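> got a predicted structure here, sequence first:
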Amino acid sequence: MAQVARNMVAKAGVDVDKLVDLLIKNASAELTTYYYYTILRVNLIGLDGEGLKAITEDARIEDRNHFEALVPRIYELGGALPRDMVDFHNISACPPAYLPDNPRDVNAMLKVLVNAERCAVAGYSQICNMTAGKDHRTYDLSLAILHEEVEHEAWFSEFLGEGPSGHGGVRTEGHSPYVSRFLPNGGK
């Protein structure tokens with residue numbers, strides 16, 4: 001399988017090694033963000049924090065789904081995840097979304113959240129630009145993830161008061177409306 005997929009993508013003019021490297025680094029960013037968002041969500045307490053908890057949880061679950069959706073494509077293209085979790089963490093396409101020094105500072109948490117999403121938007125835009133018209137499967141997957149990352153960024157930037165985005169808030173039914181078709185059983 002990997003040989004056929006690799007050859008087709010390479011024939012289309014994509015540097016497959018570079019693409020696989022980007023996919024692995026973005027998969028790392030998704031899994032590490034899932035972990036860091038867990039810590040952030042637990043610390044979203046009080047009047048200000050509770051309003052963000054549901055949106056942070058939605059972004060957290062969707063980041064896990066993004067990781068799950070990326071892994072098959074990495075292996076289809078002949079790549080593999082690092083054997084060691086620390087190594088995997090350290091190659092993340094985005095910096096860690098650490099809990100701020102003052103875990104009660106909701107604005108500091110929002111800045112961490114919005115910056116993580118902006119990094120993800122940039123990463124998937126790069127993959128989409130690299131694969132558009134050349135690697136339809138990776139493009140379609142990356143575009144689906146990009147749609148969700150743009151929504152996450154919009155949610156958090158609205159809380160920062162950067163202006164209305166036109167996006168709705170937390171999802172009312174399920175998670176990953178764009179990525180679910182890439183997950184086993186539709187992500188259920």
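Done, it's in. Numbers count the residues shown, from 1 in each chain.
> residues in contact with the residue nearest to Ala12 when sequence neighbours are not counted?
Excluding its sequence neighbours, the residue lying closest to Ala12 (C-beta to C-beta, 6 or more residues apart in numbering) is Lys134, at 3.9 Å. All C-beta spots, glycine's among them, are computed from the backbone N, C-alpha and C. Neighbouring residues of Lys134 by C-beta atoms under 8 Å, 6 or more residues apart in numbering: 9, 12-14.
> check the secondary structure at Lys134 for me.
Judged by DSSP: H, G, I helix; E, B strand; the rest coil, the three-state class of Lys134 is coil.
> ok, it to Met8 distance?
The gap separating Lys134 from Met8 is 9 Å, by C-beta to C-beta, to the nearest Å.
> could you give me the buried positions within the longest helix anywhere in the chain?
Assignment by DSSP state H gives helix 46-76 as the longest helix of the chain. Across helix 46-76, burial judged by 16 or more other C-beta atoms under 10 Å covers 49, 52-53, 55-71, 73-76.
> for stretch 118-136, same thing?
For stretch 118-136, by 16+ other C-beta under 10 Å, it's 118-121, 123-124, 127-128, 130-131, 134-135.
> do stretch 9-28 as well
Under the neighbour-count criterion of 16+ other C-beta under 10 Å, stretch 9-28 has 9-10, 14, 16, 19-20, 22-28 buried.
> for the protein, what spans make up the helices?
Along the chain, counting by DSSP H, helices occupy 2-11, 16-43, 46-76, 85-90, 106-131, 136-159.
> ok, now which ones touch Asn107?
Contact analysis of Asn107 by C-beta under 8 Å, 6+ apart lists Leu160.
> relative to Pro82, how far out is it?
Separation of Asn107 from Pro82 (C-beta to C-beta): 35 Å.
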